[in-house]
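Novice: coords please:
(one chain, ligands or ions: 2)
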Amino acid sequence: MHFLAVIACCLLALSAASEWGYPDLDNNQDEAFPKWGGLCDNGKKQSPINLHVKGALKGEFSALKFENFDEEQGSLQMVNNGHSIQLSGFAHDLTLSGGGLVSDYVVEQIHMHWWSEHTINDIRYPLEVHIVHRNKIYPNMSMAANFKDGITVLGVLYHVSNTPNEAIDSIIKSLDSVKSYERINIPAHIEDSLAVDDLVPSVDTYFTYAGSLTTPTCAEAVTWIVLTNTFPVTLDQVNQFKEIEYEKDKQLHNNYRELQSENNRAVVLVVQQERSSADQLSTLGMGLTLLLGLAVHKFQL
Ligand SMILES: *[C@@H]1O[C@H](CO)[C@@H](O)[C@H](O)[C@H]1NC(C)=O
Ligand SMILES: [Zn+2]
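Specialist: Ligands and ions are numbered 1, 2, ... in the order given. The predicted structure follows:
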């Protein structure tokens, strides 16, 4: 009985992994993006979108608050789920609150997309890390996905650099044990310790908008927070992720969803004012106006 249950579980997991996928861009650059069904095809608040400074609404909120993100995670789990590399098993609740958020959100899992899903001013980045949070008032992700305030995803973009990213490297070091098709959905441990903070650059400027999960069921339950500050990564590092298999002898070379229609949604650009330390602000000699000016300038390049 036990044995059958295990088989049933794993067959389900495998069939779920192959039910939907990404176009094979190696084979044909112009291959149409597959239909994933349901909300993915007919939703009106889908993600990702192109984030652009022109047309964004200026927002001002209290600072985002991160609890336990700086804690070193000594025994994170990692899986190849056939669509991405996903980390879970955080020692304590990592809680995100503040900003425009209505509640406390706790980290459920972290995964990545290569290339980025969101673009900023039409620019795509080589890697996007998604830190997926569940609203604490809901008991689990499947419940949370039913409510528009159910999920918050912090999106972090990485830009191409010659400098290897240390935090990403500590994940890559354990990739070999999950790369092959036979290892899909079998968790491995990340050997290096890693603080989630190490994956997140400064959070003082970000886009936020109401959108969806970027994988089926594409539930429209996500408050997106996409940081405009980016971290460096080398293309060699990103290529390591591209070696994971989603089918026998088939490597997952791309796992980003195509851009979705904005449909006249409010996309808010938040430039955080440093309130808690006026000293720091005056030392930097930067008022909000200058910061905004710099941001706009940067985005127009
Ligand atoms: C999520 O929570 C609901 C309500 O407590 C429960 O009925 C459901 O089985 C849970 N789902 C999962 C996948 O744990
Ligand atoms: Zn994602």
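Novice: Going by C-alpha atoms from here, please, whenever you check contacts or count neighbours.
Specialist: Will do.
Novice: Spell out which parts of the stretch 101-250 of the chain neighbour ligand 1.
Specialist: P139, N140, S142, M143 (Cα under 6 Å from any ligand atom).
Novice: hmm, try it at 5 Å
Specialist: N140 (Cα under 5 Å from any ligand atom).
Novice: which residues of the stretch 101-250 of the chain fall in strands?
Specialist: Per DSSP state E, counting those that start in this stretch, the stretch 101-250 of the chain carries strands over the ranges 105-113, 119-120, 127-135, 151-160, 188-189, 194-195, 205-211, 222-227, 231-233, 245-247, 250-251.
Novice: worst-scoring helix or strand of the chain, pLDDT-wise?
Specialist: Least confident element among the helices and strands of the chain, by mean pLDDT, DSSP states H and E: helix 278-284 (a mean of 45).
Novice: Can you lay out the strands of the stretch 101-250 of the chain as a markdown table showing mean pLDDT?
Specialist: Converted to a markdown table, the strands of the stretch 101-250 of the chain look like this (pLDDT from 0 to 100):
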| stretch | mean pLDDT |
| --- | --- |
| strand 105-113 | 98 |
| strand 119-120 | 98 |
| strand 127-135 | 98 |
| strand 151-160 | 98 |
| strand 188-189 | 96 |
| strand 194-195 | 95 |
| strand 205-211 | 98 |
| strand 222-227 | 98 |
| strand 231-233 | 98 |
| strand 245-247 | 96 |
| strand 250-251 | 96 |
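Novice: pLDDT weak spots in the stretch 1-150 of the chain?
Specialist: 1-18 (pLDDT under 70).
Novice: Take the strands of the stretch 101-250 of the chain and lay them out in JSON lines including mean neighbour count.
Specialist: Listed next are the strands of the stretch 101-250 of the chain as JSON lines, based on neighbours: other Cα atoms under 10 Å:
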{"stretch": "strand 105-113", "mean neighbour count": "22"}
{"stretch": "strand 119-120", "mean neighbour count": "20"}
{"stretch": "strand 127-135", "mean neighbour count": "25"}
{"stretch": "strand 151-160", "mean neighbour count": "25"}
{"stretch": "strand 188-189", "mean neighbour count": "19"}
{"stretch": "strand 194-195", "mean neighbour count": "20"}
{"stretch": "strand 205-211", "mean neighbour count": "22"}
{"stretch": "strand 222-227", "mean neighbour count": "25"}
{"stretch": "strand 231-233", "mean neighbour count": "20"}
{"stretch": "strand 245-247", "mean neighbour count": "22"}
{"stretch": "strand 250-251", "mean neighbour count": "16"}
